[in-house]
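Student: Following is a predicted model, sequence given first.
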Amino acid sequence: MELKDTISMMESSDYKERFKAEYNQLAIRFEKLNAMLDKWDAGTLTFTSTCPRSIYNIQIRAMADYLAALEARAVMESVSL
């Protein structure tokens, strides 16, 4: 799934569909940032970041926590992710 695939879900009147879109968008962004950090660690990053790695570490942790919160809510609200 790509971000563009979540557009119709975000426009839905059904909150569960919007919830799924939010989760999927975050998961896509998390995976992409994680892949970038893997390249950073392997020394294969194709650009020089203007931010220190510590900022990315904070961001990836926050995203992981956000994913966990959405997953917990999904269980409680009977939303199939």
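Tutor: Here it is on my side, so go on.

Student: what helix or strand is the residue nearest to the spatial centre of the chain on?
Tutor: Nearest to the geometric centre of the chain sits Leu26, at 2.4 Å (Cα atoms, centre = their mean). Here Leu26 sits within helix 15-42, counting by DSSP states H and E.

Student: thinking again about what came up before, ok, the residue nearest to the centre of the chain to Asp41 distance?
Tutor: 22 Å (Cβ to Cβ, to the nearest Å). C-beta here means a position set from N, CA and C on the backbone, and glycine is covered the same way.

Student: tell me the pLDDT at the residue nearest to the centre of the chain?
Tutor: If you check Leu26, the pLDDT there is 98.

Student: if I pick it, what's in contact with it?
Tutor: By Cβ atoms under 8 Å, 6 or more residues apart in numbering, the contact set of Leu26 is Met63, Tyr66, Leu67, Leu70.

Student: One more pass at 6 Å, please.
Tutor: Applying Cβ atoms under 6 Å, 6 or more residues apart in numbering, one finds that Leu26 lies in contact with Tyr66, Leu67.

Student: and what of Met9?
Tutor: Glu17, Lys20, Ala21.

Student: What distance do you get for the first one to Ser78?
Tutor: This points to Glu17. Applying Cβ to Cβ, the value for Glu17 to Ser78 is 14 Å.

Student: Can you pick out the residue with more neighbours from the two?
Tutor: Glu17 (16 against 7; other Cβ atoms under 10 Å).

Student: Flag every buried residue along the helix or strand bottoming out on mean pLDDT in the chain.
Tutor: Within the chain, no helix or strand scores below helix 7-10, which has a mean of 94 by mean pLDDT, DSSP states H and E. With burial defined by 16 or more other Cβ atoms under 10 Å, the residues of helix 7-10 counted as buried are Met9.
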